[in-house]
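Trainee: Dropping the sequence and predicted coords here.
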Amino acid sequence: MLGASIVCATALSAQTPAKKVVASAAPAGNTPAGATFVGSDTCATCHDAVAKGFADNPHTKMPLMHGNAPGVTCENCHGAGSEHVAGGGDVTKIFNPSKHSNKEVNETCLKCHASTHQNFQRSPHARADVGCINCHSIHGADAAAARQTPFRSLVKVATFPISPLSGEDKEKLLKAPAPALCFQCHNDVKPQFDMPFHHKVNEGAVNCTDCHDPHGTFGNNNLRSTADQNMICTKCHQEKRGPFIYEHAAVKGEGCLACHTPHGSQNARLLNLANIDTLCAQCHSMVATNTIHNFSWSQSSDVSPCVNCHTMVHGSNLDPAFLR
């Protein structure tokens, strides 16, 4: 990391004068206000390992965003480095994310990423003091070591096998691929994907981020926001999408989660309750006294499941009682 103690910087300051380039961005963290950019070539003199591993890093696109101006790669995040170099590698004169709070790190990252992560500051992750570098390895080259580093904002971290990063994970600079990365904190959710019936997250067919946006949304639990919130589910379960002439009030009003638990269940339809009649009775408790049905609500084996007749429970274009 750029702000690490440097033994060779004293010689560097004598041999390589800092290029006097005026910083084009506000100083990061504790960077001296009068500091100027020295350029990434100067940084690489001491931080050679990081510089070599940075070649295929997405952040190498930053100079193109600033007209190829010097200093807008390393120093775009760490702050202008002239005072750091002149001070012989003085760590108090450069911004080292590992030495600062998650709040300060997040503010630095959001200077560029605010447009794509507009809701992060209101997200559960931000409120729990989870920072960008808890999930992302900014240099990329040290991702393998970073995945072994526990999150400093957490009390307890579980350990799970971590497979190699895919191309998409590398592009996002993740410390580990999902779901292993998510399970490091959400270890209470992991057992749900081991239930008899579950979404195929462990198998790689479904990803946590298919339903959740880790950078924050207006929904609960970082659920992705859509015009019709059920579209999180119906983008895959298209036969349940509708619109229907006769809408099921529970689906329209409360959404899919009124009846289904998305991670895993003992029920083959991922229902909140193992018995479907018990689930229906939560809203339709008066059916037991209805003369059309005329049965005792005892959940005995002689009672046919509701869906034997009411097959179109998500909505129907033919019958208001959702009969087949």
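Mentor: Thanks, I have the structure now.
Trainee: low-scoring pLDDT stretches of the stretch 151-300 of the chain, where are they?
Mentor: Within the stretch 151-300 of the chain, the stretches with pLDDT under 70 are 151-167, 286-300.
Trainee: Please enumerate the helices of it.
Mentor: 167-171, 180-183, 208-211, 231-234, 249-253, 276-281 (DSSP state H, counting those that start in this stretch).
Trainee: among those helices, which is the most enclosed?
Mentor: Among the helices of the stretch 151-300 of the chain, helix 180-183 has the highest mean neighbour count (mean count of other C-beta atoms under 10 Å), at a mean of 21. For the C-beta atoms, the positions are set from N, CA and C on the backbone; glycine is no exception.
Trainee: Just give me the residue right at the centre of the chain.
Mentor: Pro214 (2.5 Å; C-alpha atoms, centre = their mean).
Trainee: wait, doesn't it sit right on His125?
Mentor: Yes: Pro214 lies in contact with His125 (C-beta atoms under 8 Å); the separation is 6.3 Å.
Trainee: who touches both of these two?
Mentor: Residues touching both Pro214 and His125 by C-beta atoms under 8 Å, 6 or more residues apart in numbering: Asn222.
Trainee: Does Glu107 fall in a helix, a strand, or a coil region?
Mentor: The three-state label given to Glu107 by DSSP: H, G, I helix; E, B strand; the rest coil is helix.
Trainee: His47: how many residues sit nearby?
Mentor: His47 is flanked by 19 other residues according to other C-beta atoms under 10 Å.
Trainee: if I look at it, how far off is Gly89?
Mentor: 10 Å (C-beta to C-beta, to the nearest Å).
Trainee: about what we covered before: reformat the helices of the stretch 151-300 of the chain as TSV; add distance to Ala33.
Mentor: Below are the helices of the stretch 151-300 of the chain laid out as TSV (distance: least, C-beta to C-beta, whole Å):
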stretch	distance to Ala33
helix 167-171	34
helix 180-183	37
helix 208-211	39
helix 231-234	46
helix 249-253	55
helix 276-281	63
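Trainee: Am I right that Glu171 is in contact with His59?
Mentor: No: Glu171 is beyond contact range of His59, at 11.1 Å (criterion: C-beta under 8 Å).
Trainee: the strands in the stretch 151-300 of the chain, which residues?
Mentor: Using DSSP state E, counting those that start in this stretch, the strands found in the stretch 151-300 of the chain span residues 197-198, 246-247, 264-265.
Trainee: Listing partners with orientation, what would you give for the first one?
Mentor: If I follow you right, that is strand 197-198. strand 264-265 (antiparallel) (DSSP bridges).
Trainee: about what we covered before: nearest to Pro191, out of the strands of the stretch 151-300 of the chain?
Mentor: strand 264-265 (8.0 Å; C-beta to C-beta).
Trainee: how far does the closest one sit from the chain's center?
Mentor: 22 Å (C-alpha atoms, centre = their mean, to the nearest Å).
Trainee: Also stretch 90-110?
Mentor: 21 Å.
Trainee: buried stuff in that stretch?
Mentor: 90-91, 93-97, 99-100, 102, 105-110 (16 or more other C-beta atoms under 10 Å).
Trainee: Next: stretch 261-273.
Mentor: Buried, per 16+ other C-beta under 10 Å, within stretch 261-273: Thr261, Pro262, His263, Gly264, Ser265, Asn267, Leu270, Leu271, Leu273.
Trainee: Among those, which one sits closest to Tyr246?
Mentor: Closest to Tyr246, out of all of the buried residues of stretch 261-273 and judged by C-beta to C-beta, is Leu271, at 21.3 Å.
Trainee: my read: Thr42 touches Val85, true?
Mentor: Yes: taking contacts as C-beta under 8 Å, Thr42 lies within contact range of Val85: 6.5 Å.
Trainee: Let me know whether Cys306 touches Leu271 as I believe.
Mentor: No: with contacts defined as C-beta under 8 Å, Cys306 does not count as touching Leu271, sitting 11.7 Å away.
Trainee: hang on, the earlier thing: nearest to Lys52, of the helices of the stretch 151-300 of the chain?
Mentor: Taking the helices of the stretch 151-300 of the chain one by one with C-beta to C-beta, helix 167-171 is closest: 16.0 Å.
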